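[1] Need the 3D shape of this:
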Amino acid sequence: MASSAPRVDHLVTSGTFSLDGGTWDVDNNVWIVGDDSEAIVIDAAHDAAAIEAALGGRTLRAIVCTHAHDDHIDAAPALAAATGAPILLHPDDLPLWKLTHPDRAPDGELADGATLDVGGVTLTVLHTPGHAPGAVCLYVPALSTVFTGDTLFQGGPGATGRSFSHFPTIIDSIRDRLLALPPQTVVRTGHGDPTTVGAEAPHLEEWIQRGH
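    Below you'll find the predicted structure:
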């Protein structure tokens, strides 16, 4: 049987984000990387049934959390229970994870430089703290894309005004880890529209000035 080409599937799920006593309505991007037989889900947000349906019967190899804000992980345990896939999180985000899921720990740890193989491509973990201590991005050179969670958006860095976040740290992460990628790399974000490394790189100094 011929193997199918690797691809990225996308769905948007809706729910809420809560932290520091506030709650906001949000739409989240859920990314599925794989081929016709297997896949990895990046950020199981809000609706496990919708994500499982989007998998279309493929074997789910892992549920990768870019960080542990509740809007990115709220559906992860249900999706893991439905599919048997492990939940992977950087250990620096365990305090945030426990705010949402105190009785269900992740199944494995993400570490900077670690790789995940699925559907003929390799995802490399980039630890990019700032929005959250254990925030990571997933770089897939074969698909010329990076999944940035809430670290980098079209138009600037993710928010750093709440607990567990730090503006100078996110700037360092973006400068050193993301803007060093090839300029044509597509940036697939946790919310909103994609962009490219090349489109965002010229604006770094503006963000620094804006953030002070």
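
[2] Tell me which residues touch the residue nearest to V186 when sequence neighbours are not counted, please.
    Closest residue in space to V186, ignoring its immediate chain neighbours: T145 at 4.4 Å, by C-beta to C-beta, 6 or more residues apart in numbering. Every residue, glycine included, has its C-beta placed from N, CA and C. Listed by C-beta atoms under 8 Å, 6 or more residues apart in numbering, the contact set of T145 reads 8, 139, 185-188.

[3] G21 and L99: what is the separation?
    12 Å (C-beta to C-beta, to the nearest Å).

[4] residues in contact with the lowest-mean-pLDDT helix or strand in the chain?
    In the chain, no helix or strand scores lower on mean pLDDT, DSSP states H and E than helix 204-211, which sits at a mean of 93. By C-beta under 8 Å, 6+ apart, the surrounding residues in contact with helix 204-211 are 156-157, 160, 167, 171, 174-175, 179.

[5] okay, these in a markdown table with pLDDT next?
    Below are these laid out as a markdown table (pLDDT from 0 to 100):
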| residue | pLDDT |
| --- | --- |
| G156 | 96 |
| P157 | 98 |
| T160 | 96 |
| F167 | 97 |
| I171 | 98 |
| I174 | 98 |
| R175 | 97 |
| L179 | 98 |
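
[6] Residue ranges in this protein under the pLDDT threshold?
    Along the chain, segments meeting pLDDT under 70 span 1-3, 212.

[7] returning to what we had before: G21 and L99: which is more packed in?
    Set G21 next to L99 and count neighbours by other C-beta atoms under 10 Å: L99 wins out with 15 against 6.

[8] show me what contacts that one?
    Counted by C-beta under 8 Å, 6+ apart, L99 has contacts 19, 68, 70.

[9] most surrounded residue in those?
    Within the contacts of L99, most neighbours by other C-beta under 10 Å means A68, with 26 neighbours.

[10] mind checking how far it is from L116?
    18 Å.

[11] what's around P141, how many residues?
    With other C-beta under 10 Å as criterion, P141 counts 14.
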